[in-house]
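Chemist: Sequence plus the predicted model coming up.
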Amino acid sequence: MIRKAIRSGLTGLFLVVSSLAMASPEAFDGAIEHAHLLDALNLEGELFHVQGLELDSQRIWVTSVDPNNRKGYIHEFDRRTGKLLRRLELTDGPRYHPGGISISGRSIWVPVAELKPNSSAVLVEVDADSLQIRRKIHVADHLGCVAASGRTLVAGNWDSALLYIFDLSDNARARTIPNPSPTRYQDMKFVDGQLVAGGSLSLWSGAVDWIDWPSMKLKRTLRAGAIGPVRPWGRGGPYTGEGMAIEGRELYVIPEDGPSRLFHFRLDDRGETPPFPYGDRS
């Protein structure tokens, strides 16, 4: 009986893993399509399960969740050396899971949610210079990523099945639309008037999508492979499955839990006629 139960459990696990492996019919075995790796920077400081990434000319900000102690953080690193400068705990009662982040002006927006779907979250505005909290917006759903531009926020819920669009000039009034892509977004940014969003398709594959704003139509997708060993057995996963930031053609990702590395890729225009306008951060 015990052996039968073990065999049955192993069979079930194999089927689950197989289904995850087959989730992306066009699996990509490289790093990121139409991009080449320039360098990788070691981030020298304690990080847990990485969630979001942002950067400016001098600093790098990373969010991570410590599931064992049910705490969430935003960490600040020196962009040149990778050394940890400071961190801020973001835990808000049962909400301890920070997600993908976005900077607009001198504000960093961070969603902090309960670790379950159909739950609750707060959108936290953090001052990029002082790393102090400016305000919180409560939302009756799990939110896992956010893009910010001026008075507009776009946030994805669990697996980014729905995208919330917030108008900060109208008391943070929100509307929702379905995700136009199968990608489960982890991080998204506004870039030259478009949304650029990265996430996973399976344990072994991911994607970066360009979405037209405000029509929210999917314009382009770059496939991504994985860095191993992949979760849940290792600390890696799809290159685009966790933190992602972009500056023009420069794409930055953090696919590994702590100890983590910031990977720097340069995007090209192969396959685009006319050349694809990557643009600048808005």
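Modeler: That came in fine, so what should we check first?

Chemist: which residues of the stretch 1-150 of the chain fall in helices?
Modeler: Ranges of helices within the stretch 1-150 of the chain are 2-21, based on DSSP state H, counting those that start in this stretch.

Chemist: all strands for it, in order.
Modeler: Along the stretch 1-150 of the chain, counting by DSSP state E, counting those that start in this stretch, strands occupy 35-42, 49-55, 59-66, 71-78, 84-89, 97-98, 102-104, 107-113, 121-127, 133-139, 143-149.

Chemist: burial of the closest residue to R231 other than its chain neighbours, as a residue count?
Modeler: Once flanking residues are discounted, R231 sits nearest to G237: 5.2 Å by CB to CB, 6 or more residues apart in numbering. To be clear about C-beta, it is placed using only N, CA and C from the backbone, and glycine gets the same treatment. Look at G237: counted by other CB atoms under 10 Å, it has 26 neighbours.

Chemist: what sits up against the helix or strand where G237 lies?
Modeler: Assessed by DSSP states H and E, G237 sits inside strand 237-238. By CB atoms under 8 Å, 6 or more residues apart in numbering, the list of residues contacting strand 237-238 from outside reads 200-206, 224-227, 230-231, 255-256.

Chemist: Export the strands of the stretch 1-150 of the chain as CSV, with columns for mean neighbour count.
Modeler: Formatted as CSV, these follow (neighbours: other CB atoms under 10 Å):
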stretch, mean neighbour count
strand 35-42, 15
strand 49-55, 25
strand 59-66, 24
strand 71-78, 22
strand 84-89, 15
strand 97-98, 27
strand 102-104, 22
strand 107-113, 26
strand 121-127, 22
strand 133-139, 15
strand 143-149, 26
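
Chemist: would you turn those strands into TSV with mean pLDDT and distance to D159?
Modeler: Converted to TSV, those look like this (pLDDT from 0 to 100; distance: least, CB to CB, whole Å):
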stretch	mean pLDDT	distance to D159
strand 35-42	97	24
strand 49-55	97	14
strand 59-66	98	16
strand 71-78	98	19
strand 84-89	98	26
strand 97-98	98	13
strand 102-104	98	19
strand 107-113	98	12
strand 121-127	98	14
strand 133-139	98	16
strand 143-149	98	8
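
Chemist: can you tell which of those is closest to I246?
Modeler: strand 49-55 (9.7 Å; CB to CB).
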